[in-house]
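Student: fold the stuff below for me.
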Amino acid sequence: MRTILILIIILSCAFVEAGNSLVSSERVTLAQVMRNNKLHTLLVLADNGSAIDAIDLSLLFNTNADMLDIYHKIGFDKLVKLSLENNSIYQSYPLEDLLSPAGKNSHHIAVGLNYRKHADEVNTRQMPFLFVKTTKPTRQQPINVNSSELLDYEVELCVRPLTTMENMPIDEEPAFGFFLCGDFTDRAELLRNINTENLQSGRGFSKAKSKVGYFPTGPYMVISRHWQRLIAAIELSLTLNGKLKQRAMANSMIWPLRKILEKSWLYDENNQPLYTKKVSTWLPNNLISEKMVFLTGTPEGIIFKPPPISFKIIAAAKYIYTGAISNMSLKDYVLEQYIQSLLEQHTFLQPGDQLIISANYLGKLTIKISEIDNSTAQ
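Tutor: Take a look at the predicted model:
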């Protein structure tokens with residue numbers, strides 16, 4: 001009986017450790033914090049849900065460079081060895097202290113309609129498309145919403161190249177850092193600017209998805225020896241006020257990562273319209289920079305649904321009856337009526353809402369929705 005009890009305790013401890021541990025011979029996990037006004041890169045060993053255990057690489061190797069600079073200086077194999085041996089001094093760091101693994105850049109590329117079921121829920125058979133997201137990443141700061149916005153959520157897998165790239169790397173080499181992220185949208189802004197006849201043009205998406213706070217990210221970056229295997233193993237999920245809204249395997253993407261990058265080069269070479277004045281090109285010098293992040297698309301389960309035919313018919317009749325025909329086009333009138341209807345229903349994110357965005361290997365982030373005055377809305 002005593003032997004069985006000891007075995008149960010050992011197995012229980014092993015289970016807890018395995019559940020928290022991020023140590024692997026196939027992956028390294030990196031995070032960053034500020035200490036005494038200096039940037040410190042951490043080798044993450046475990047995540048207990050409120051804090052991580054990590055080795056301070058900046059302290060160990062006497063360097064305060066960017067996360068990727070330190071990664072290249074030490075190398076993948078040495079980092080794996082260091083995490084497996086786990087003989088160095090490590091400390092606990094609260095998750096809220098960690099910085100975004102996306103860096104500080106505000107020029108990123110995102111993919112729309114990259115999951116089949118998500119495309120189906122917005123009633124379109126169009127293929128995926130790219131748009132630029134021009135806002136700085138954050139971590140778990142609250143996202144502000146005002147009474148004129150229709151704030152919608154999306155969970156996404158984010159990818160950051162480890163080096164500047166002018167062509168695709170081979171599949172077997174560590175080439176990308178992966179982390180969790182959210183892509184938020186003001187659907188009212190999008191409806192007013194979108195090309196409803198051709199969503200694939202990407203018009204309106206950059207403006208509606210690039211407001212302050214619309215790019216929250218997870219706590220750390222994972223670099224895999226075999227990056228395609230990691231993508232295949234990641235499951236994304238999002239809950240709103242405790243209710244599951246989105247869940248899908250990352251390898252359900254229509255355009256895999258390789259094609260997303262190839263399309264980025266193609267968009268740049270063909271001078272595809274950007275529909276924003278914040279950047280002048282898709283890829284500076286036609287190169288994919290390690291400072292850029294690629295948002296790979298979202299699964300089904302978003303709040304937004306297009307207006308049904310019945311709504312369009314009623315709005316069209318009202319358009320003629322009220323004499324609005326002299327003020328705007330029928331299309332614009334129907335869209336404005338639909339936006340007003342959605343605002344009155346309060347079905348989009350409201351102050352006080354809480355979202356938990358998570359993925360295996362990549363941790364989670366908690367986002368609270370806060371209210372601001374219309375006069376201060378951006």
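
Student: beta partners of the residue nearest in space to the middle of the chain?
Tutor: Most central in the chain under CA atoms, centre = their mean is residue 181, positioned 2.5 Å from the mean C-alpha point. Beta bridges link residue 181 to residue 156, residue 217, judged by DSSP bridges.

Student: just checking, it touches residue 158?
Tutor: Yes - under the criterion of CB atoms under 8 Å, residue 181 makes contact with residue 158 at 3.9 Å. Just so you know, the C-beta spots here come from the backbone N, C-alpha and C atoms, and that holds for glycine as well.

Student: mind listing the shared neighbours of these two?
Tutor: Residues within reach of residue 181 and of residue 158 at once, by CB atoms under 8 Å, 6 or more residues apart in numbering, are 102, 217, 293, 295.

Student: hmm, back to that, now do the residue nearest to the centre of the chain against residue 259, distance only.
Tutor: Remark: distance between residue 181 and residue 259 (CB to CB, to the nearest Å) = 19 Å.

Student: buried sites along stretch 202-211?
Tutor: Buried positions in stretch 202-211, judged by neighbour count with 16 or more other CB atoms under 10 Å: 202-211.

Student: make a markdown table out of the residues you listed and add pLDDT, secondary structure and distance to residue 132.
Tutor: Shown next, in a markdown table, are those (pLDDT from 0 to 100; DSSP: H, G, I helix; E, B strand; the rest coil; distance: CB to CB, whole Å):
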| residue | pLDDT | secondary structure | distance to residue 132 |
| --- | --- | --- | --- |
| 202 | 92 | coil | 8 |
| 203 | 95 | coil | 12 |
| 204 | 95 | coil | 12 |
| 205 | 97 | helix | 9 |
| 206 | 97 | helix | 5 |
| 207 | 96 | helix | 10 |
| 208 | 97 | helix | 12 |
| 209 | 98 | coil | 9 |
| 210 | 97 | coil | 8 |
| 211 | 96 | coil | 14 |
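
Student: looking at those residues, spot the one nearest residue 190.
Tutor: Minimum distance to residue 190 across the buried residues of stretch 202-211 is 3.7 Å, recorded for residue 208 (CB to CB).

Student: residues in contact with that closest one?
Tutor: Contacts of residue 208 (CB under 8 Å, 6+ apart): 185-187, 189-190, 193.

Student: filter those residues down to the buried ones, ChimeraX style.
Tutor: Remark: buried members of the contacts of residue 208, expressed as a ChimeraX selection using 16+ other CB under 10 Å:
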select :185,186,187,189,190
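
Student: can you put the contacts of residue 208 in CSV and add pLDDT and distance to residue 357?
Tutor: Formatted as CSV, these follow (pLDDT from 0 to 100; distance: CB to CB, whole Å):
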residue, pLDDT, distance to residue 357
185, 98, 14
186, 98, 18
187, 97, 18
189, 96, 22
190, 96, 20
193, 94, 26
